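Trainee: Here is my input, please return the structure:
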Amino acid sequence: MINEKIVNFIKEKNFYIVVTAISIIGFLLRFYGINWDNGLLFHPDERQLLMISSQMNLNNLDPGWYNYGTFPLYLLEFFSLNSEWNIYELRFPGRILSSIFDSSTIIITGLIGRKLYSNITGILASFFYSICVLAIQTSHFFVVDTFLTFFTTLIIFYCIKLNEKLTVKRTIIVGILFGISLTIKISSALILGVILIVIIFNINSSKSRLNDLLKYYILVLFSSFLTFFILNPFSLINYSDFLLASKTQSNMARGLIDFPYTRQYINTTPYIYHLIQLVKTSLGPIAGLIGIFSILFAFRKLEINNHRNLLILFLWFLIYFGFFGAIHTKFLRYMLPIIPIISIFSSYMISYLLSKSRKYKRLYIAMVIILLSGSLHYTFSFIQIYSGDHESINAGKFIDKEFEEGSVLLKEHWDEALKTNKIYITKELNLYDNDSTSKARNLANLLSSSDGIYLTTKRLISTIPRLEERYPLTTNYYRKLFSEDLGYKLIRSNIISPSSLGFTYNSNPFSRIKNIDFNSYEKNDFGINLGWTDESFSAYDHPETFIFKNTEKLSSDEIFNIIIRINHNENYLNSISLKKANANYGDSYFGFFNSRGSIFSIISWYIILQIMSIISIPLLWLIFKYSKFPFIGSVKIISIILFSFILWICLSFNLFTFSLFNLYFLIFIVFITSFVLFIKNKRKMMIFIYKNKKSFIKYELIFLASFLIFILIRSLNPDLWHPYRGGEKPMELAYLNAILNSRYMPPIDPWFSGGIMNYYYFGFFIFGMIIKLSQISPYIGFNLAVATVFAISFTTLWSLASNVSKSKIFLPIVMVSTTLIFGNFQPFIQIFNKIKSGSISRLFEIDYWQPSRVLPQDSLGYEISEFPFFSFLFADLHPHMISIPIMILSLTFLILSFSKIKNNSSKFYISTILFNSLLLGVSWATNTWLIPVQLFLIFSFSLIHFKNWKDLLYTIKAATLYTGAILFIGYLFFLPFHSNFTS
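Mentor: Residues are numbered from 1 along each chain as shown. Model prediction:
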């Protein structure tokens, strides 16, 4: 009944009335507080555009500045022809234009939503975009982003119309709109991909297909070029300047140029950062989460033949977010062009679920109303910041009260000055300059001779302390400033957070700064703590300000000594408390068989490997029951991984300590579990073992032979401490011993007392476990570990080759040789050069190091051409070597499991996802550099597997979801590692 009333109300005529009303309300939200800064022009882009506009006239339309296009400037010039407005007065027409264009985007968003699914979808899409805080905030500035968003959204609307009917007229319109978007911001070129794909979709399959395709492409390109030339002629006339500006902006966005205002994005995670800020700031907690879920929902609903309009929207989202989500610089406004798309996705998800919610429709509508009301609350909370004076004005008034006229005040460079009525001597602190003692001395001189300091925004304070390795002295300055150790007292701090009806969306500029204690931060307990929010969200219209007064008048030498006296122990990211450190230090490891010699150690080591392998067989039989993976040739490596993972989880959650008793207790538990499985499936297990007894014996002999051969090789040069040719063995032994002497995981740091190991250490943990179980010397265990890595790599590769070929000897020998034994041809070059020079007597004296460094030393990639056999021969028990058998196992599992499946059994997918996740997690904690390759292989194999199901789009969706599930679960499996690892 309720749904019918809604549908009846939102008829064709009423739809346009409702969307127009929403657009008008949206305009009022954008117009409210238009004079928010009282003419201070706190937004640097707006200030630059207005300054250029104020200097332009009909006789001189060349802006002379090409970071952005000229369309917004010409538009502002058109509206101010009869007025001699200065830069400050121009802000009013500029901001009104910005608001008008963004309010018009509300209508277009609604129209697209309506075409996508229903009238309700269109109205909800308009609603979501109208209350979008990022759009409202950006509309309060005369910047290009609102204009760009309007035209890119309009292009998408006309792409949908092209999809309905491909005509010359519509194609020319799209070309003109594309040309206009380029005259706003050159990065809009990304949308050309969507335009061209839509044209391809709608070209009829015929002999004239190519001709039609070229015709429409030429129409788009010609009309867009003509439009671009008319509206932005000087970028072509002054092409070299335009190209230089575009290149500079591109390099800035990608982090290739080190501008101070982009350093806030160092060490921020691509894509994830924008998604987090979407929830925290741009859309708000409720609308942001709805938006993220709706993206996944839209992806789920994608089809090539049906829902073509949804595909067009998703293509634009994917292309734009794929590019701008990945780059270094992540200003919030970069995401504005896809906010209308996210709004449409949100409305589509809600309206679709509404149409499917039958007997729970009333409850669903009530939930939707609550969610929309919550989203609206965040919007109204935000616009309250425009209801009073700008924070810089209030801070300036406070300074006038606290300081005498003529006082010396310090401000930070790359930041704004506060507006005051009194006249002060203002000096700048060049804190972004590289740290040095001279910088610290200059800073101390300024601090000792000044009366106060003010921080206008969080620009520097939220960036520099995050880069402590780059700015150790400046970070210490901030630390001492806020702890009031420099003689300066914090007399005013103001952090403005959106708030309405007593509920506050608290932000904290210090939440991602780990080394500054700011106790004056106050937040409303009745609210939500959003933590750190992007600098560009607050720096313009509601900045955080801090004012300090020099009360103790310390001398320059005193301040200098305080700044340069850095307690590095406090700053070490992976330090732990003394109590926790002592609890993690175990007794120094000394095995029972430490002095029994190599032969006894080899036997003890081999027995442990056999025990783990044998008692794992029932478990592995169950694990691979549904994937049909022939695991017999991989029993050794899988059992080692399985035991080490179970043990590591127990140690990471402090379930027990890393002691010999607990290790054997764990083996006993696994044995009991396997024994129960064996008894319950005795008949099947006996058949399995009897049927595969020859394979078990064969692979055991292969392992044993390769193991003993490489032990013999290691025995020829077992030295681990050569000062020049020893490689990184001392470091690896240090890590291995640290693990052996730790009670819990993560292990102690061998280089830093009181710290925990900040390294991908799981490979060392695997062999630390075997060393402790076998109770042998770590030095002998080190060499046995190298031999074991070679042997399990050899055996697993042999298994792979045997299972993919009828040849049980030839192909395995070839595969093992080419993968593990053969290297590159550099030694032959050495022999050839000796023959050429006549050095026949030294013909076979080969420099073994050269084959690992065949690329030029001046290569920027610092590539190492180290083949596996070189790694084994050199015997560095390094993560890159330990990960070789793990990678081979991962590839073997992908090839053999996907080749065995004949249907789309859910049990198959669950079992393969879980095991692939385990291998991915192990690789992540063993040698993180392998993750991109492993993910690529997983995605590729799943793509090949799913390709026979449905269409291409379904294949991509299924492979993406499959790989995404593995990535998520793999990360979750090793969450204790990730939560303690910093890079």
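Trainee: Lowest mean pLDDT among the helices and strands, pick that one out for this protein.
Mentor: Ranking every helix and strand in the chain by mean pLDDT, DSSP states H and E puts helix 2-9 at the bottom, with a mean of 53.
Trainee: what pLDDT, on average, does the helix or strand that comes right after that one get?
Mentor: Moving toward the C-terminus from helix 2-9, the first helix or strand encountered (DSSP states H and E) is helix 12-31. When the per-residue pLDDT values of helix 12-31 are averaged, the result is 92.
Trainee: Heading C-terminal from helix 12-31, find the next helix or strand.
Mentor: Using DSSP H and E, the helix or strand that directly follows helix 12-31 along the chain is helix 44-55.
Trainee: what packs against the helix or strand harbouring residue 603?
Mentor: Secondary structure assignment for residue 603, by DSSP H and E: helix 598-623. For helix 598-623, the packing partners by 3 or more Cβ pairs under 8 Å, 6 or more residues apart in numbering; DSSP states H and E come out as helix 635-652, helix 660-680, helix 682-691, helix 693-715, helix 762-774, helix 778-804. For every residue, glycine as well, the C-beta is placed using N, CA and C.
Trainee: Walk me through the domains of the chain.
Mentor: With automatic domain parsing serving as the domain definition, the record reports that the chain contains domains spanning 2-385, 391-566, 598-822+874-980, 826-866.
Trainee: how distant is the second one from the center of its chain?
Mentor: Meaning domain 391-566. Here the centre of mass of C-alpha atoms in domain 391-566, compared against the chain's by Cα atoms, centre = their mean, to the nearest Å, lies 29 Å away.
Trainee: circling back: could you dump the helices and strands packed on helix 598-623 into TSV and include mean pLDDT, mean neighbour count and distance to residue 441?
Mentor: Below are the helices and strands packed on helix 598-623 laid out as TSV (pLDDT from 0 to 100; neighbours: other Cβ atoms under 10 Å; distance: least, Cβ to Cβ, whole Å):
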stretch	mean pLDDT	mean neighbour count	distance to residue 441
helix 635-652	96	21	47
helix 660-680	93	14	56
helix 682-691	91	12	77
helix 693-715	93	16	56
helix 762-774	96	25	45
helix 778-804	94	24	49
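Trainee: Residue 212 is nearest to which of the ones you listed?
Mentor: Across the helices and strands packed on helix 598-623, the minimum distance to residue 212, taken as Cβ to Cβ, is reached by helix 778-804, at 45.8 Å.
Trainee: Just want the angle from that closest one to helix 635-652.
Mentor: With axes from the mean of the first three to the mean of the last three Cα atoms, to 10 degrees as the basis, helix 778-804 and helix 635-652 are set at 130 degrees to each other.
Trainee: can you list contacts of stretch 739-748?
Mentor: Outside stretch 739-748, the residues within contact range by Cβ atoms under 8 Å, 6 or more residues apart in numbering are 581, 583-589, 648, 651-652, 654, 657-659, 735, 738, 755-757, 761, 764-765, 768, 771-772, 778, 976-977, 980.
Trainee: if we can go back for a sec, least reliable of the domains of the chain by average pLDDT, please.
Mentor: Considering these one by one, the lowest average pLDDT is found for domain 826-866, at a mean of 73.
Trainee: so how far is that one off the chain centroid?
Mentor: On the basis of Cα atoms, centre = their mean, the separation between the geometric centre of domain 826-866 and that of its chain is 40 Å.
Trainee: and that domain, how far apart are its ends?
Mentor: Between the opening and closing residues of domain 826-866 lies a distance of 11 Å (Cα to Cα, to the nearest Å).
Trainee: Then stretch 380-396?
Mentor: Using Cα to Cα, the end-to-end distance of stretch 380-396 comes to 27 Å.
Trainee: ok, residues contacting it?
Mentor: By Cβ under 8 Å, 6+ apart, the surrounding residues in contact with stretch 380-396 are 29, 32-33, 36-38, 40, 42, 133, 136-137, 140, 284, 416, 418-421, 454, 456, 492, 494, 496, 498-500, 503-505, 541-543, 545, 547.
Trainee: Buried among these? Need that as a selection in ChimeraX.
Mentor: Remark: buried members of those, expressed as a ChimeraX selection using 16 or more other Cβ atoms under 10 Å:
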select :29,33,36,37,40,42,133,136,137,140,284,416,418,419,420,454,456,492,496,498,499,500,504,505,541,542,543,545,547
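Trainee: just checking, which of the contacts of stretch 380-396 belong to strands?
Mentor: Under the assignment DSSP state E, the contacts of stretch 380-396 contribute 454, 492, 494, 499-500, 503-505, 545, 547 to strands.
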